[in-house]
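[1] Starting from these lines, generate the structure:
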Amino acid sequence: MTKNAAKDFGAIEADYDFFIATTDEAERGLDAFSPYIDEAGEARQSIRMLDFGCGGGDFSAKFLTQADWSPDRLTLSLVEPVEGQRIHAADLLQRFADKPIAHWPALPETGATPFDLILSNHVLYYVPDLEVTLKQLIAALAPDGLMLIALAGRTNSLIRFWDYAFDAMGKAIPYHLSEDLDQTLARLGIAHDRETVAYSMRFPDTRENRMKILRFALADHLSELPTQPLLDLFDDWVKGDQIDTRTVFSHYIIRATNL
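    Sure thing, here's the model as predicted:
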C-alpha cells in the first residue's frame, strides 16, 4: 500500500517534544512491551537488534534501560531517514552496546545482519509503501526473531485531526493506520498477535497548547486549513482548565517461528 506519507519532524520538533511531555504514551507502551523484552533476551547469549525509525533514540533508550542487557550481548542497528536525529540516536544509545552502532537512512537491501529483535515504535505511519516495508522487515528477521510494532488507528483520539483535516481538503489520509497494517498483514498471510494499549494526554488548556498538538499532528498540512474548527475539536476533552483525554493504540507481535 503506497501513500504520500512523508512528514518533516524537524520543523515540528518543539511541538513533538510538547506532545511527549504531556502524554504517558511511551511509558504505557513500554509497560506493554515488557514481556517481549524478556522473550527477546531469553536464552540468547547475543542479541542483534534493529530500531526501525529510531528518531532521536529516546524511546529506545527507555526500552534498553528496561531490558538491562549487558552491553557485550547487544549489537544495535538503527534506521532513521533524518540524519541529525540518527546521529544523535547513535550517540545516545552507544552506552548500551560495546560494538559501534550501525545506522542507515534506510534498511540496506543486502549486507544487514539478520536481527533477533526488530522494534518499530509509531513509525510505520510515514513509510511510503507499507507492504514493501513490511516485507523488508520480515526478510531481515532471524529464523527465531521477534518483531514489535506500535501503531495507532481510528480509535485513537489524535487521528480525529487527520480525519477532519484531510476530509476538509478532499484527500485521503496520506499516512498508514493500524487498519492499513491489519489489511496488509492479512493480505500477506503474516501470523501475529495484537494487543490494545491505553494511554492518556493531559495539558493546560490554552490556545497555544492546542496549536502545538495540531502542528505535531498535521505538520505542514495545517497551513492549508482554517484553524478554528480544528481547535474546536479539543472541546470534548476539556476538564476544568485542562485538556484531558484517554485513548489507545495497538501493539503487533510477529514471531519468525510462526511465519
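[2] Residue 214 is in contact with residue 161, correct?
    Yes: between residue 161 and residue 214 there is a contact under C-beta atoms under 8 Å: 6.5 Å. Heads up, the C-betas are built off the backbone N, CA and C, glycines and all.
[3] Overlap in contacts, these two.
    residue 230 (C-beta atoms under 8 Å, 6 or more residues apart in numbering).
[4] more crowded one of these two?
    Per other C-beta atoms under 10 Å, whichever of residue 161 and residue 214 has more neighbours is residue 214, with 23 against 19.
[5] give the contact list for that one.
    Contacts of residue 214 (C-beta under 8 Å, 6+ apart): 161, 222, 227, 230, 231.
[6] Filter those down to just the buried residues.
    161, 222, 230 (16 or more other C-beta atoms under 10 Å).
[7] In strands, which of those fall?
    Among those, no residue falls in strands (DSSP state E).
[8] got those residues as a markdown table, with pLDDT and distance to residue 11 columns?
    Shown next, in a markdown table, are the buried ones among the contacts of residue 214 (pLDDT from 0 to 100; distance: C-beta to C-beta, whole Å):
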| residue | pLDDT | distance to residue 11 |
| --- | --- | --- |
| 161 | 96 | 17 |
| 222 | 94 | 11 |
| 230 | 96 | 18 |
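[9] Let me have these in JSON lines, adding distance to residue 115 as columns.
    Formatted as JSON lines, these follow (distance: C-beta to C-beta, whole Å):
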{"residue": "161", "distance to residue 115": "34"}
{"residue": "222", "distance to residue 115": "36"}
{"residue": "230", "distance to residue 115": "40"}
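[10] nearest to residue 210, of those?
    Here the nearest of these to residue 210, counting by C-beta to C-beta, is residue 230; it sits at 8.3 Å.
[11] tell me the SS of residue 117?
    When classified by DSSP: H, G, I helix; E, B strand; the rest coil, residue 117 comes out as strand.
[12] How about it: which residues does it bridge to?
    In this entry, residue 117 is beta-bridged to residue 49, residue 146, by DSSP bridges.
[13] Would you check that it makes contact with residue 51?
    No: the pair residue 117 and residue 51 fails to qualify as a contact (C-beta under 8 Å) at a distance of 9.2 Å.
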